[in-house]
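Q: got a predicted structure plus its sequence, pasted below:
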Amino acid sequence: MSKRTVEGSIRTKKCPYLDSIKRQYLDFDKPKVCAVTLSTDNVYVCLVCGQFFQGRGKHTPCYTHACQFGHHVFMKMTGFGKGDIFCLPDNYQVVDSSLTDIQTALAPDYSKDQISTLDNNKTLSTDVSGTTYLPGFIGMNNLNHTDFINTCVMALAQVPPIRDFFLKKRNYQKTESKLVIRFGDLISKIWSRGNYRNAVSPHDFVQEVTVASKRRFVIGRQCEAVEFMQWLINTLSKDLFGVKKRSTPILRPFQGLIEVRTEKKEQTMKHASRAGVEEEDDEANWDTRVMPFLFLAMDLPPVPLFKDAQGGNVVPQIPLFDVLNKFDGKTISDKIRGGVRERKKYRIQKFPDYLMFHLGRFTKNNWFVEKNPTVVNFPVKNLELQDYSFVEDDNKLPTADEAKDLKVAELKALITKHKVSTKGCLEHGDLIQKYNEVLAKHADLNQTKFDLLANICHDSPAERENVNADPLQEGSYKVHLQNKAIEQWYEIQDLFVEDTLPQLVGVSESYMLIYEKQKSAAVTAANAAAELQAELYGK
């Protein structure tokens, strides 16, 4: 029996041709272009042969294909009604629960409970060919020198606030930005358990990147990943929340504060005239500014000019803390800008939840690009950064035992000062519980230990025939990611995914590092208590 849909113009009924569908031919990552007209408007996919055609009415490529080849089942790929399935040439909508997996493969959808358990997933999924893959850690097709895009997307897909935001389609369902929509679709497919392929292709996303960046990032030309990462985060934030928003759900996870002290010009000129003479560091000689940052740029030491005993190039190895000294508030960084030397000191005032480092490996001059191959050894766990920040003294807040001796008015004022609500607190014991939240929040803000979340590397070819060739164009990017559920590290380079050891991750040729701030013991205990309460009482 047929019936009318909400629109009142499309009939829906059971279809006798569902057994003709061949899922192994379906690839929804291919460009959605009609095979006849080469148009991208109103495109449908034939669920029998996997080809794309335009339209659905008479004299359209879809209608003609259905009549000529006897392929009757088509699904809309773009725009309004995306995922709707129709039978041609009769032109009625097909509604059947057996087609849910096809619609999920095209546009994965996630519930709140599914999103909350992504980091605890230990089970593999299977594609239509029987190949297993781990959601969130899958290969991505290289469209010719687009590996710098692949690694940045894979790294951002591991940042929980960014991932969770784009998995909830309602967060950006009203946006007109195609870049935002394509990025959300790509993140959804990376974490989907119902993919028809064990890898994804970023073709649609890269096309939007080319348009949105005004061909700054295009297929066939390698670029520095840090430039793309910075552009992508800022553009997504601007398209979603506007230019004037300085703190958005996209920027906030990476946004920290850094104190920059710049030596006054007259003092710099004095040092230039008295080169090699040490003078006292007077605070009056420095201008101080506090600025937000998305990532911290670190300078590598120059490459040795001499070869080793066997005639090979010397590749030095240094610990991460050697380049982190730039942010100790004492080390002076000299830069030439506009022919004038600038002397600066840096110190981190506030750490973000996700801290990005960029190791400046590439140097451009008037003739060619040079790459610094220095290996930076870094800890994968428990990176302590207390020496590079202004950490508040924990003694500024009374302990939980000391708070018990405070009067109700004093305790209530102290809690309110730290932006914790005291609504519903009638007794002194209720305020003590709220004050414990203040202590947990304070400890979390002052946390200075980090764990590695993602590591983007740039590998140069083993042998270079032309020593003046561009190492950026010849090399390739890869990324190291960790499955937190089993604490296993994976190395992903385009379509290749393999497990690796954390010891090898820490000595790789790193280019960008993304660290995640550890949660304090108080916050961890509070979260565990909340999860237990939700489990017991279903709240």
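A: Arrived safely, thanks for sending.
Q: list the contacts for Met154?
A: 140, 190, 454, 479, 481, 492 (CB atoms under 8 Å, 6 or more residues apart in numbering). Yep, even glycine has a C-beta here, placed from its N, CA and C like the rest.
Q: considering those residues, which possesses the most neighbours?
A: When neighbours are counted by other CB atoms under 10 Å, Met140 leads these with 28 neighbours.
Q: quick one on the thing from earlier: which single one of the contacts of Met154 is nearest to Cys425?
A: In terms of CB to CB, no member of the contacts of Met154 lies closer to Cys425 than Ala454, at 41.5 Å.
Q: let me see the domain layout of the protein.
A: 3-106, 108-391+454-519, 407-445 (automatic domain parsing).
Q: in the stretch 51-200 of the chain, which spans are helices?
A: Remark: helices assigned in the stretch 51-200 of the chain by DSSP state H, counting those that start in this stretch are 61-69, 100-106, 112-116, 147-156, 160-167, 178-190.
Q: tell me what angle the longest one forms with helix 147-156.
A: Between the axis of helix 178-190 and that of helix 147-156 there is an angle of 70 degrees, by axes from the mean of the first three to the mean of the last three CA atoms, to 10 degrees.
Q: how many other residues sit next to Val45?
A: The local packing of Val45 (other CB under 10 Å) involves 25 other residues.
Q: which residues does it bridge with?
A: For Val45, the beta-bridge partners under DSSP bridges are Phe52, Met75.
Q: go ahead and confirm Val420 touches Gln433.
A: No. With contact defined as CB atoms under 8 Å, Val420 does not count as touching Gln433 (10.4 Å).
Q: between the two, who's got more neighbours?
A: Per other CB under 10 Å, whichever of Val420 and Gln433 has more neighbours is Val420, with 15 against 10.
Q: related to what we said a few turns ago, okay, the domains of the chain in TSV with distance to Pro398 and mean pLDDT next?
A: Converted to TSV, the domains of the chain look like this (distance: least, CB to CB, whole Å; pLDDT from 0 to 100):
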stretch	distance to Pro398	mean pLDDT
domain 3-106	53	89
domain 108-391+454-519	18	88
domain 407-445	8	73
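Q: let's have those domains in a markdown table, adding distance to Asp401.
A: Listed next are the domains of the chain as a markdown table, based on distance: least, CB to CB, whole Å:
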| stretch | distance to Asp401 |
| --- | --- |
| domain 3-106 | 54 |
| domain 108-391+454-519 | 23 |
| domain 407-445 | 10 |
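Q: for Leu397, find the nearest of these.
A: Comparing these by CB to CB, domain 407-445 comes nearest, at 5.7 Å.
Q: how about Asp204, secondary structure?
A: Of the three states, Asp204 takes helix under DSSP: H, G, I helix; E, B strand; the rest coil.
Q: what's the closest non-adjacent residue to it?
A: In space, and not counting its chain neighbours, Asp204 is closest to Arg182: 5.1 Å by CB to CB, 6 or more residues apart in numbering.
Q: number of residues surrounding the one you found?
A: 19.
Q: Asp499 too?
A: Counted by other CB under 10 Å, the residues lying close to Asp499 total 12.
Q: in whatever helix or strand it lives in, which residues are buried?
A: With elements taken from DSSP states H and E, the one containing Asp499 is strand 496-500. Under the neighbour-count criterion of 16 or more other CB atoms under 10 Å, strand 496-500 has 497, 500 buried.
Q: in its sheet, which strands sit next to that strand, and in what direction?
A: Counting by DSSP bridges, strand 496-500 is paired with strand 488-493 (antiparallel).
Q: and the strand it pairs with, which residues are buried?
A: 488-493.
Q: CSV please, covering those residues and showing distance to Thr151.
A: Listed next are the buried residues of strand 488-493 as CSV, based on distance: CB to CB, whole Å:
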residue, distance to Thr151
Gln488, 19
Trp489, 15
Tyr490, 13
Glu491, 11
Ile492, 8
Gln493, 9
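Q: noted, bye for now.
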